[in-house]
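Undergrad: The following block contains a protein sequence and its predicted model.
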Amino acid sequence: MRWSQLFIPTLKEDPAAAETASHKLLMRAGYIRPLGSGIYSLLPLAQKVRLKVINIIREEMNAIGGQEFVLPALHPTELWEESGRLGTMGDIMFRLKDRKGAELVLGVTHEEIFTSIARNALSSYRQVPQIWYQFQTKFRDELRPKSGLLRVREFTMKDSYSFDVDAEGLDKSFDLHKAAYERIFTRAGLDFVAVEASSGAMGGSASTEFMVLTDAGEDLVVLCRGCGYAANVEKAVAAFETIESKNAHASLEKFPTPGLKTVEQLANFADFAATKNQIKTLVYAADDELVLVLLRGDHELNTTKLTDFLGAENVRAAEDQEIFSAMGAHAGSLGGVGVKTSNGGKIKKVFLDNALKGRSNMVTGANDDDFHYKGVSIERDIEASAWGDFRGVKTGDMCIKCGGALAVEKSLEIGHIFKLGTRYSTTMNAHVLIASGEKTPIMMGSYGIGVERLMAAAVERSHDKKGIIWPKSLAPYDVIVNVINSAEEEALAAGEKLYAELRAAGIEVLLDDRAERPGFKFADNDLIGIPLRVNIGKKLKDGIVELVERATGENKDVPIHNLVDVFKQNVTGAL
RNA sequence: CGGGACGUGGCGCAGCUUGGUAGCGCGGUUGCUUUGGGAGCAAUAGGUCGCAGGUUCAAAUCCUGUCGUCCCGACCA
């Protein structure tokens, strides 16, 4: 393609609305334009990158036996009622009515639709395993679209679904996907980590997220450099030091703490109330039922862990009036001592974090404003409904596997694979017959990659002050041939000739034939991020052109007649 | 949904406090010069100041409402 004819509306200045690097650069380099909040048009360069991503994914999906479908984005609401997800996903789904008044939704994902095909067409264990996938537009009414292509309301997802007769089959399909995803992201030139994750609204037993480490991400992952342990904070577990309580048999004693509301204030107030010796008491509403969550004073609750533990749909912090009416005191003086969950109390459950196990002589609120207890012995004084892991891991915590120091880092989710089990096959009645003649629900898995998000993640990870630096496998073109002074007929003719030769050799070339000044063209060339550039300039009279690598800025002189061979090695070889 | 900021030529912004002729840079067009890191000079086109209502002799500017966009949080495959 000739640049003079390609639509690449580059911008000299950063758009006011953009914050993250990928958003700014994709805008400036003429890849995307906004249409509304979380809605973007992909311009020709972006579409070329998108197709490269899609092709890599398609090849790897086909390699594990995936079969490509295209399912509708527009769904009858009934299917979502049937699976029970209209309730859990309801707010994020775009809903509409047709002219007859029938209710429709735009798909946020396609478990229901693939399952509806599977239940009609799969009837015997002999027909599985199956791996079905598609590239389809997903619509999500996100609470807050942000960061350009990173969180949008309409985007392309590769979603695939596996159908097996038993857990072993599912494990195999899951592992095939995991390996395929690793190949996909590696081929896409991305540094990524695979982490254990929460299954959330998808349901199911296990899931792995593929994360790119970047501050532009919204997730936190816990990493152990020692042993490679990696998990989303929503799932990560850390070891905790055992604390031997001094004076373990101290008796319960109420004492005044006027005006002391926080763990820190209390710790400063008295030596025996060090944060590690306090019990933090939180009141949460789980599907509108009040529960108490008790953690060590220096620990913090991870609400996803609590939600997953409870299997609840909606978990939120209780409001001030709810707290006072249930506990008889305000936040700051709350505690679990004496809280009864039986006989009609407003608190239905008391959950204790594992880090409190065996602790005694602790300090906690007395459920009487401006009073606390000391000498609290957990097992003796607090009625536990259940113990669990509720605390959020922090940098510096100990790895449960090797004891090494854990690091918590921001990251961006580019892929997520789930073992769904029979969550959908049971509710939607998708069964096969096994050898014995009995019906068994199909074991399903679901696997997703956000295509445009992957593009944006690549930019987040690979750019400099001058612009984008695409990995070779994603770049819209392999090389730019820049005719520095396109007014010189010889130079232009040499550029045209090289352009034709390179294309004939199967190399994707962008010929910068614009009648612009050199500096302007160099800046534009750098901005759009093509990995290699050939400058046809002053040395042409000696038969020499310059080959410049975008990432490093390194350049070397090459005889123009050798160039096609050099490219066959450098470019084709690297693809 | 809570908090904050912002809507003025294609892009980035000033003007608003103190009401009266709408301005700058980039970009566009034309001409001349220039040609290895976002050129110079000259000329020129382009704006219902988000929208609606109100106050006023007069509103980009003051008031009310509304829509939109971005950021933080809640939240979220």
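TA: All right, it came through fine. Residues are numbered from 1 along each chain as shown, chains lettered A, B, ... in the order given.
Undergrad: So what are the structural domains in chain A, by residue number?
TA: By the assignment in automatic domain parsing, chain A contains the domains A:19-73+A:107-216+A:410-460, A:253-388, A:477-574.
Undergrad: anything in the last one near RNA strand B?
TA: So that's domain A:477-574. Yes: judged by C-beta under 7 Å from any atom of the strand, domain A:477-574 comes into contact with RNA strand B at A:484-485, A:487, A:515, A:517-520, A:522-527, A:535-539, A:546, A:548, A:553, A:555. The way it works is simple: take the backbone N, C-alpha and C, and place the C-beta from them, glycine included.
Undergrad: Can you tell me which of those are buried?
TA: A:Ile484, A:Asn485, A:Phe522, A:Asp524, A:Asn525, A:Asp526, A:Leu527, A:Asn535, A:Ile536, A:Gly537, A:Glu546, A:Val548 (16 or more other C-beta atoms under 10 Å).
Undergrad: before we move on, the earlier item: could I get the domains of chain A as JSON lines with mean pLDDT?
TA: Below are those laid out as JSON lines (pLDDT from 0 to 100):
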{"stretch": "domain A:19-73+A:107-216+A:410-460", "mean pLDDT": "94"}
{"stretch": "domain A:253-388", "mean pLDDT": "88"}
{"stretch": "domain A:477-574", "mean pLDDT": "92"}
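Undergrad: so which of the ones you listed gets nearest A:Gly396?
TA: domain A:253-388 (11.7 Å; C-beta to C-beta).
Undergrad: quick one: terminal-to-terminal distance for the closest one?
TA: One end of domain A:253-388 sits 27 Å from the other (C-alpha to C-alpha, to the nearest Å).
Undergrad: and if you look at stretch A:68-88?
TA: Using C-alpha to C-alpha, the end-to-end distance of stretch A:68-88 comes to 28 Å.
Undergrad: ok, and for it, which residues are buried?
TA: If you call a residue buried by 16+ other C-beta under 10 Å, then stretch A:68-88 has these buried ones: A:69, A:71, A:73, A:75-77, A:79-80, A:82-83, A:85-86, A:88.
Undergrad: again with stretch A:478-495
TA: Buried residues in stretch A:478-495, counted by 16+ other C-beta under 10 Å: A:478-486, A:488, A:491-492, A:494-495.
Undergrad: what's the answer for stretch A:327-343, then?
TA: Going by neighbour count (16+ other C-beta under 10 Å), the buried part of stretch A:327-343 is A:Met327, A:Ala329, A:Ala331, A:Gly332, A:Ser333, A:Leu334, A:Gly335, A:Gly336, A:Val337, A:Val339, A:Thr341.
Undergrad: restrict the residues you listed to contacts with RNA strand B.
TA: Within the buried residues of stretch A:327-343, nothing lies near RNA strand B by C-beta under 7 Å from any atom of the strand.
Undergrad: could I get the residues you listed as CSV with secondary structure?
TA: Below are the buried residues of stretch A:327-343 laid out as CSV (DSSP: H, G, I helix; E, B strand; the rest coil):
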residue, secondary structure
A:Met327, helix
A:Ala329, coil
A:Ala331, coil
A:Gly332, coil
A:Ser333, coil
A:Leu334, coil
A:Gly335, coil
A:Gly336, coil
A:Val337, strand
A:Val339, coil
A:Thr341, coil
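Undergrad: Return the member of the residues you listed nearest to A:Leu45.
TA: The closest of the buried residues of stretch A:327-343 to A:Leu45 turns out to be A:Ala331 (C-beta to C-beta; 52.9 Å).
Undergrad: Where does the stretch 451-575 of chain A get nearest to RNA strand B, residue-wise?
TA: A:Gly537 (1.7 Å; C-beta to the nearest atom of the strand).
Undergrad: Leaving out chain neighbours, which residue sits closest to the closest residue to RNA strand B within the stretch 251-400 of chain A?
TA: Of the stretch 251-400 of chain A, the residue with the smallest distance to RNA strand B, taken as C-beta to the nearest atom of the strand, is A:Thr303 at 5.0 Å. Here the nearest residue to A:Thr303 in space, its sequence neighbours aside, is A:Val315; by C-beta to C-beta, 6 or more residues apart in numbering that works out to 5.9 Å.
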